[in-house]
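Q: Show me how the following folds:
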Amino acid sequence: MKEIFSIGEFSELFHVDVQTLRYYDSIGLLVPSSRDPKTGYRHYRFDQVYQLSTIRYLRRLGYSLKQIHDYLDSRSLGNTMGYLRQQSEALKNQWNELYTIDLAIRRKLEFIEGQVAKLDVSSISIKTFAERQYLDIGSEETLYGSESFYLYPTLVFYVGMNKHFGAYLFNYKDDDEQEAGRFSTTPACIKAGRFLCGYHQGAYESIPTSFERIRQAGKGLCLSPHYMNFNIIDQFVERDSKNFVTEIQIAIWD
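A: The predicted structure is shown next:
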């Protein structure tokens, strides 16, 4: 194989844009081994590919060009070993973070798929639930700043017409330690018990009509004055609010 390459050959052989190589030269990150004094054409040695590979690898890891420059200038056995340990720890933390996010997304998918599969928006029934966990998000003013709002099914508590939001931890168990590590607070609990359950289809503004319809169907039961809403089909999965589906649950007091 050739030992010396023009910038075009080096670019094509190692799949790097010519403009990128020129920029790396301008900031002293990857300087050509020689330059034609008459034409100014850049020439690279084959062994410069090792430095180029290091640059590309570090860019993939999110390092800035300045950080890469500093690393290349300070290479030694001790510095490199320390760097590799640091990178291993950072990648492990990143993997754990991505894993727990994926776990939350899969919970949301499982919740939606399970609910949609048995959905009958006209039905009203009594259901018995074991204790359920959720993350307390707070009022509507704080809702959109919470990462959990986007990752988990949304839970809305109505006290009168005041709303309080939570992120429903569908099928969550207390020993799910890896996921629990991302929570800033301990999950709260919905007490086990029986609930009168029905559905609202449509925009959230009209949900009070469904509250009244479901409560009327439960005449004779001792019902809580409050409501819990579990968003099944919402703005995250459906554009048209006419197709939103919310399960409404009212606790039955024994």
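Q: Most remote residue from the middle of the chain, which is it?
A: Ranked by distance from the centre of the chain (Cα atoms, centre = their mean), the top residue is residue 38, with 54.6 Å.
Q: For residue 32, see how far away that residue is.
A: If you measure residue 38 against residue 32 using Cβ to Cβ, to the nearest Å, the figure is 15 Å. Placement of C-beta: from N, CA and C, glycine included.
Q: go on, residue 85?
A: In terms of Cβ to Cβ, residue 85 sits 33 Å off from residue 32.
Q: higher neighbour count, those two?
A: residue 32 (21 against 10; other Cβ atoms under 10 Å).
Q: Quick check: chain neighbours aside, which residue is closest to that one?
A: residue 42 (3.8 Å; Cβ to Cβ, 6 or more residues apart in numbering).
Q: State the distance from the one you found to residue 29.
A: Residue 42 is 13 Å from residue 29, by Cβ to Cβ.
Q: same check, this time on residue 237
A: To residue 29, residue 237 is 45 Å away according to Cβ to Cβ.
Q: which of the two has more neighbours?
A: When neighbours are counted by other Cβ under 10 Å, residue 29 comes out ahead of the other of residue 237 and residue 29, with 17 against 14.
Q: Now do the contacts for the more buried one.
A: Shown in contact with residue 29 (Cβ atoms under 8 Å, 6 or more residues apart in numbering): 55, 65, 68-69, 72.
Q: is it true that it lies in a helix?
A: No. Read with DSSP: H, G, I helix; E, B strand; the rest coil, residue 29 is coil and lies in no helix.
Q: Need the pLDDT of it.
A: On pLDDT, residue 29 comes in at 93.
Q: Who does the residue nearest to residue 32 form a beta bridge with?
A: Beta bridges link residue 42 to residue 35, judged by DSSP bridges.
Q: Isn't it up against residue 5?
A: No. Judged on Cβ atoms under 8 Å, residue 42 makes no contact with residue 5 at a distance of 9.4 Å.
Q: that's a strand at residue 134, yeah?
A: Yes. Under three-state DSSP, residue 134 falls within a strand.
Q: what's around it, how many residues?
A: 24.
Q: Give me the distance between it and residue 148.
A: From residue 134 across to residue 148, the span is 9 Å (Cβ to Cβ).
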